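Visitor: Generate coordinates for the sequence data below:
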Amino acid sequence: MTDEQTLVAGRKPVRELLEREPGRVDALYFRKGRDQALQPLIDECKRLNLRHRFVDAAELDRIFPGNHQGVAARVAGLTFTDLPDLMALAREAPLPLIVVLDQVQDPGNVGVLARTLYALGAAGLVVAKHEGAYLGAAAVRASSGALLKLPVAKVTNVSQALGRLAEEGFALYCAKRSEGARDAFLPGLRLPAVLVLGNEDKGVRPGVAGRCDEDIFIPFAREFDSLNVAQAGAVLAGLWARDAAERRMGR
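Guide: Numbering: from 1, shown residues only. Here you go, the predicted structure:
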């Protein structure tokens, strides 16, 4: 166990983990070689579509310097919610807004954003099963514990998840400066809504952005490069929270 990772090792502990809480598994590591005792775990890992790697014995010893019996699992510090359940929860949330993170890498960014979303009453987060930040101890700490309360769904395909959200009547917005993008400060943001935030360097991938109904951007009053993911997400979520409050008061 380290500050960034929680590891579960050994055939029986990993088997129990896969049976009871597969949603908490971020990745599994199997020792290379023919080991029939590991095959049921490998088969279950594939059935559950969990990320896994086959590594040399020396590398597995570095990952878990103990009696690992040829297998170790990296476990996230929270339990994930199924996407359909998150969509249902969104209807009853104080702020029916779901934020989708497209390959955001920094656990600190995710944690800080989760803290803001939870405080504003947002429905929750959607993160990618692969190529996303590891939501372990660092992310939970950055969120001040909000990640343990805010519903988080982990999906295999972000683009397909957006399609399902659109089918359920969510308006899809992409945080992106583009020709024809909407000034986020203008009134008229719809609810229930989905806000897509992209990778720290590359932004939202074209295939994901193409699923959205509208691009929105934060206008800067001074010349400046950009805000990070957590800052931009907080500003935009605050605009939806303001609009939602005004609607509740009948304005």
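
Visitor: Tyr29: what secondary structure?
Guide: In three-state terms, and counting by DSSP: H, G, I helix; E, B strand; the rest coil, Tyr29 is strand.

Visitor: Number of residues surrounding Pro22?
Guide: The number of residues packed near Pro22 is 16, by other C-beta atoms under 10 Å. From N, CA and C alone the C-beta is placed, and that goes for glycine too.

Visitor: contacting residues around it?
Guide: 48, 50 (C-beta atoms under 8 Å, 6 or more residues apart in numbering).

Visitor: if we go to 6 Å?
Guide: Leu48 (C-beta atoms under 6 Å, 6 or more residues apart in numbering).

Visitor: That one and Tyr173, how far apart?
Guide: Per C-beta to C-beta, to the nearest Å, Pro22 is found 31 Å from Tyr173.

Visitor: One more: Ala232?
Guide: Distance of Ala232 to Tyr173, given as C-beta to C-beta: 12 Å.

Visitor: how about whatever helix or strand Arg115 lives in: buried residues?
Guide: Secondary structure from DSSP states H and E places Arg115 in helix 107-120. Buried residues in helix 107-120, counted by 16 or more other C-beta atoms under 10 Å: 107-118, 120.

Visitor: for stretch 140-149, same thing?
Guide: For stretch 140-149, burial by neighbour count (16+ other C-beta under 10 Å) applies to 140, 142-143, 146-147.

Visitor: Output that stretch in CSV, but only the C-alpha positions, please.
Guide: Provided in CSV are the C-alpha atoms of stretch 140-149 (Å, rounded to 0.1, in the frame of the first residue of the first chain):
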residue,chain,number,x,y,z
VAL,A,140,-9.8,11.3,-2.7
ARG,A,141,-7.5,13.5,-0.6
ALA,A,142,-7.7,16.4,-3.2
SER,A,143,-11.5,16.1,-3.0
SER,A,144,-11.6,16.4,0.8
GLY,A,145,-13.6,13.2,0.8
ALA,A,146,-16.2,14.3,-1.8
LEU,A,147,-15.2,11.5,-4.1
LEU,A,148,-16.5,9.0,-1.5
LYS,A,149,-19.9,10.7,-1.7
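
Visitor: Alright, calling it a day.
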